[in-house]
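Engineer: sequence plus predicted model, see below.
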Amino acid sequence: MALAKRTIRAQNSESMKVVYTPAHESHAHSHEFEGGRLIAAKDVPDRVSQVLDAIKVRAIGEIVAPQHFGNVPILRVHTADFVHVLEQAWIRWAVKYGFEAREAIPSAWPARGMHPEVLEDIEATLGYYCFDTATPIVAGTWAAARAAADSALTAAQWVMRGDRAAIALCRPPGHHAASDTYGGYCFLNNAAIAAQCFVDQGRRVAMLDVDFHHGNGTQAIFYANPDVLTVSIHGDPRQFYPHFSGFASETGSGRGAGFNLNIVLPVGTAWGAYALALEEALDRIRAFSPDALVVPLGVDTYLDDPAGGFRLQGADYQRMGHLIGKLGLPTVLTLEGGYRLDAVGPAVGDFLTGFENA
């Protein structure tokens, strides 16, 4: 993204840009494994449809299509080998198992003491790069993932040009994807790709992840980078996905030591306790004094979300959006989780209403 290096100021008073493409619909798998059972997929295309409808009803912003940026900005975050695997995964799976095969899910992973050097077979390849059983690849997955990354990049470009904020309706989501691993419904880390654009222009970026689950991929990508403060408010990984990342003791490494903050909350957290955690996060962001903010916006914190464990409700999201908006920072938002279909649209709509009125 060749934009002149300059100070970014949120100066455009026009409505928020909402970056959307129907390309996400091409990633539509039917099942995933959970609790020892094959269950219906939670990350369904209707999630984004509900959000888009809520945005239209509330007339929150101007809906724009994503631009196409190619793989160069993606390769600033993800390894070339990993991107190549995602590009080729479905066709390799179909060649092995037949083109009538529906979903590519690995069946083995390289545990401690094993030797993942030879990745000629697609089963071995997917087992090496994937870390769960909930993230199938189908024929349209790569096209949807690329479009989601382009959506995040387009939102970042609008903000770099002076807009106060832009939201990318990304699907698949992204915050669980690291530089060379995928999982948690995520293939490319849309929020990290957007943040890297600011970093490449010499800017300091704060990332505030409000999804119910820890953004393990985002943390891993920026863990040693002092130009990116990563803050995540999430459910306790001792009980919830991704289980092996997101503990308070993880604070960064090397030059990035002290630039990672995990705020861990127990199951059943409602707005009172969540608001205190959010204020702690916002205080840390203010102290960091970033040039821009990236918010991986997950609303699976909603009461009775099938993938969550918090108890936030409608007006809570307006309060959350208002408090984050009061930072006054140029802001990119990327859609992450939210799987209660009757709530995902209103929750995002409430957040954006609160943000815009800050």
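Structural biologist: Received it, and whenever you're ready, just let me know what you need. Residues are numbered from 1 along each chain as shown.

Engineer: for this protein, what helix or strand is lowest in average pLDDT?
Structural biologist: Least confident helix or strand, the chain: strand 31-34 with a mean of 87, by mean pLDDT, DSSP states H and E.

Engineer: quick one: A94 from F222, how far?
Structural biologist: From A94 across to F222, the span is 35 Å (CB to CB, to the nearest Å). Where C-beta positions appear, they are placed from N, C-alpha and C, glycine not excepted.

Engineer: now swap in V85 and tell me
Structural biologist: In terms of CB to CB, V85 sits 22 Å off from F222.

Engineer: now A89
Structural biologist: 26 Å.

Engineer: any regions of this structure where pLDDT drops low?
Structural biologist: 1-14 (pLDDT under 70).

Engineer: which parts of it are strands?
Structural biologist: 16-19, 31-34, 37-40, 61-64, 165-168, 205-209, 228-235, 260-265, 292-297, 331-335 (DSSP state E).

Engineer: name every strand pairing with the third one and say which way it goes.
Structural biologist: Applying DSSP bridges, strand 37-40 is found paired with strand 31-34 (antiparallel).

Engineer: higher neighbour count, A89 and F222?
Structural biologist: Neighbour totals were compared for A89 and F222, and F222 leads with 25 against 22 (other CB atoms under 10 Å).

Engineer: just the buried positions in stretch 64-77, please.
Structural biologist: By neighbour count on 16 or more other CB atoms under 10 Å, the buried set for stretch 64-77 is V64, P66, F69, P73, I74, R76, V77.

Engineer: got the CA positions of that stretch in PDB?
Structural biologist: Provided in PDB are the C-alpha atoms of stretch 64-77 (Å, rounded to 0.1, in the frame of the first residue of the first chain):
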ATOM      1  CA  VAL A  64     -18.100   0.100   0.000                       C
ATOM      2  CA  ALA A  65     -16.500  -2.900  -1.800                       C
ATOM      3  CA  PRO A  66     -13.000  -3.900  -1.000                       C
ATOM      4  CA  GLN A  67     -10.100  -3.100  -3.300                       C
ATOM      5  CA  HIS A  68      -7.700  -5.800  -4.400                       C
ATOM      6  CA  PHE A  69      -4.100  -5.700  -3.000                       C
ATOM      7  CA  GLY A  70      -2.600  -8.900  -4.000                       C
ATOM      8  CA  ASN A  71      -0.500 -11.000  -1.700                       C
ATOM      9  CA  VAL A  72       2.300  -8.500  -0.900                       C
ATOM     10  CA  PRO A  73       0.600  -7.000   2.300                       C
ATOM     11  CA  ILE A  74      -0.400 -10.500   3.400                       C
ATOM     12  CA  LEU A  75       3.200 -11.700   3.100                       C
ATOM     13  CA  ARG A  76       4.200  -8.900   5.500                       C
ATOM     14  CA  VAL A  77       2.300 -11.000   8.200                       C
END
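
Engineer: any idea which helix is longest in the protein?
Structural biologist: Assignment by DSSP state H gives helix 141-160 as the longest helix of the chain.

Engineer: any chance of the buried residues of stretch 64-77 in a markdown table, plus distance to P136?
Structural biologist: Putting those into a markdown table (distance: CB to CB, whole Å) gives the following:
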| residue | distance to P136 |
| --- | --- |
| V64 | 30 |
| P66 | 24 |
| F69 | 26 |
| P73 | 26 |
| I74 | 21 |
| R76 | 27 |
| V77 | 23 |
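
Engineer: buried residues in the least confident helix or strand of the chain, which are they?
Structural biologist: For strand 31-34, by 16+ other CB under 10 Å, it's E32, E34.

Engineer: now do that strand: everything it contacts.
Structural biologist: L38, I39, A40, A41, K42, E103, I105, T133, A134, T135, P136 (CB atoms under 8 Å, 6 or more residues apart in numbering).

Engineer: just stretch 181-190 next, same as before
Structural biologist: Contacts of stretch 181-190 (CB under 8 Å, 6+ apart): 42-43, 74, 77-78, 82, 86, 129-132, 134-135, 141-142, 145-146, 148-149, 151-152, 168, 170, 172-178, 213, 216-218, 221, 241-242, 334, 337.

Engineer: check contacts around the residue nearest to F310 when sequence neighbours are not counted.
Structural biologist: Counting by CB to CB, 6 or more residues apart in numbering, T301 is the residue found nearest to F310 once chain neighbours are left out, at 4.2 Å. Applying CB under 8 Å, 6+ apart, we find T301 in contact with V210, D211, F212, Y274, G308, F310, L312.

Engineer: ok, and the closest non-adjacent residue to G268?
Structural biologist: R311 (6.0 Å).

Engineer: OK, contacts around the one you found?
Structural biologist: Per CB under 8 Å, 6+ apart, neighbours of R311: G268, T269, A270, W271, L303.

Engineer: for V138, see how far away it is.
Structural biologist: In terms of CB to CB, R311 sits 34 Å off from V138.

Engineer: show me the helices in the protein, by range?
Structural biologist: For the chain, applying DSSP H gives helices covering 46-58, 80-97, 122-129, 141-160, 190-200, 216-222, 271-288, 314-325, 341-356.

Engineer: buried residues, the longest one. List them.
Structural biologist: Yep, that's helix 141-160 we're talking about. Neighbour-count burial for helix 141-160 flags 141-142, 144-160 (criterion: 16+ other CB under 10 Å).

Engineer: distance of L229 from L329?
Structural biologist: From L229 across to L329, the span is 12 Å (CB to CB).

Engineer: common neighbours of the two, please.
Structural biologist: Between them, L229 and L329 share the contacting residues A206, P290, judged by CB under 8 Å, 6+ apart.
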